[in-house]
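# Coordinates only, no sequence provided:
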Ligand SMILES: [Zn+2]
Ligand SMILES: [Zn+2]
């Protein structure tokens, strides 16, 4: 497993090309944040590298974050994205998920021993996207919820009004940097302000030619002093 210790307690692991899971290790409990495409045996890796119990959490229900869920007996995910876990299991096995799914709700706090992980809402990219604020590290694990290139692609995404509420709330949280699931290094929180300003001047005309996500998806770019925000958005969410 190719991984980088972002801090001694936070390992960012490249499960597949540019597809990262994160392992957070407290003194009495660990958290595996996402399970990637399912190509590598993360359970084996955890059992070799941990001397504590661990929990498995999904940042959201997209295939590239839940692909290894089947290796574990229980996974936590936000209820709004459970249908995505179910359709992934049906597509890959023809059956409902073979593992138990527990609710993962904003406001929950996991005490890992010397380190606390607080669940926060990142509704937008999907309705059930959540982040994990590692309070003592000042780092947010953000899944795909704050990516500098933010995808708002289909029925599982929330309307723009919800995304705005999410980003405003995130601005007030006590962290400076975040880990995103398709980026190897820590990202600066400033991009949240750039996304918010972008949403006030979003270019929503139909694309002149279909981009990689099809004819309904607008691609809007905003160059902001705080960073370059790119948003691909389904016009139905406006
Ligand atoms: Zn996603
Ligand atoms: Zn993703």
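Yep, it's here. None of these values were measured; they are calculated from a predicted model. Residues are numbered from 1 along each chain as shown. Ligands and ions are numbered 1, 2, ... in the order given.
# Surely residue 175 forms part of a helix?
No. Per DSSP: H, G, I helix; E, B strand; the rest coil, residue 175 lies outside any helix segment and is coil.
# ok now do it, which residues does it touch?
133, 134, 138, 139, 140, 189 (Cβ atoms under 8 Å, 6 or more residues apart in numbering). Placement of C-beta: from N, CA and C, glycine included.
# what about the fifth one, which helix or strand?
Which is residue 140. strand 139-141 (DSSP states H and E).
# One more: the first one?
The secondary structure element spanning residue 133 is strand 130-134 (assigned by DSSP H and E).
# Give the helix, strand or coil label for the most centrally placed residue in the chain.
Centroid check for the chain by Cα atoms, centre = their mean gives residue 143 as the closest residue, at 1.6 Å. Assigned by three-state DSSP, the conformation of residue 143 is coil.
# wait, it sits on residue 57?
No. Under the criterion of Cβ atoms under 8 Å, residue 143 is not in contact with residue 57, lying 9.7 Å apart.
# Show me whatever sits in contact with both of the two.
Contacts common to residue 143 and residue 57, judged by Cβ under 8 Å, 6+ apart, are 33, 34.
# So which bits of the chain are right by ligand 1?
Taking Cβ under 5 Å from the ion as the criterion, the chain approaches ligand 1 at residues 62, 144.
# all helices of the chain, in order?
42-49, 63-66, 82-93, 160-171, 190-199 (DSSP state H).
# Please work out which of those helices is packed deepest.
Highest mean neighbour count among these (mean count of other Cβ atoms under 10 Å): helix 63-66, with a mean of 22.
# What mean pLDDT does stretch 122-142 get?
Stretch 122-142 shows a mean pLDDT of 98.
# Any stretches of this structure with poor pLDDT?
207-210 (pLDDT under 70).
# Which residues of the protein lie near ligand 2?
Residues of the chain lying near ligand 2 (Cβ under 5 Å from the ion): 64, 144.
# Which one of the contacts of residue 175 is nearest to ligand 1?
When those are compared for distance to ligand 1 (Cβ to the ion), residue 140 wins out at 16.1 Å.
# Kindly provide the distance from the nearest residue to that closest one once chain neighbours are set aside to residue 6.
Computed as Cβ to Cβ, 6 or more residues apart in numbering, the closest residue to residue 140 that is not its neighbour in sequence is residue 178, at 4.1 Å. Counting by Cβ to Cβ, to the nearest Å, the gap from residue 178 to residue 6 is 11 Å.
# Check which residues of stretch 64-79 are buried.
64-72, 75-78 (16 or more other Cβ atoms under 10 Å).
# now, the most widely separated pair of those residues?
Taking Cβ to Cβ, the two most distant members of the buried residues of stretch 64-79 are 71 and 78; they sit 20.4 Å apart.
# Name the member of the contacts of residue 175 with the most neighbours.
The residue in those with the most neighbours, by other Cβ atoms under 10 Å, is residue 140 (29 neighbours).
# There's contact between it and residue 176 in this structure, I believe.
No. Counting by Cβ under 8 Å, residue 140 stays clear of residue 176, with 9.1 Å between them.
# hey, what's in contact with both of the two?
Residues touching both residue 140 and residue 176 (Cβ under 8 Å, 6+ apart): residue 189.
# Which one's more surrounded, residue 178 and residue 6?
Using other Cβ under 10 Å, the more surrounded residue of residue 178 and residue 6 is residue 178, with 26 against 18.
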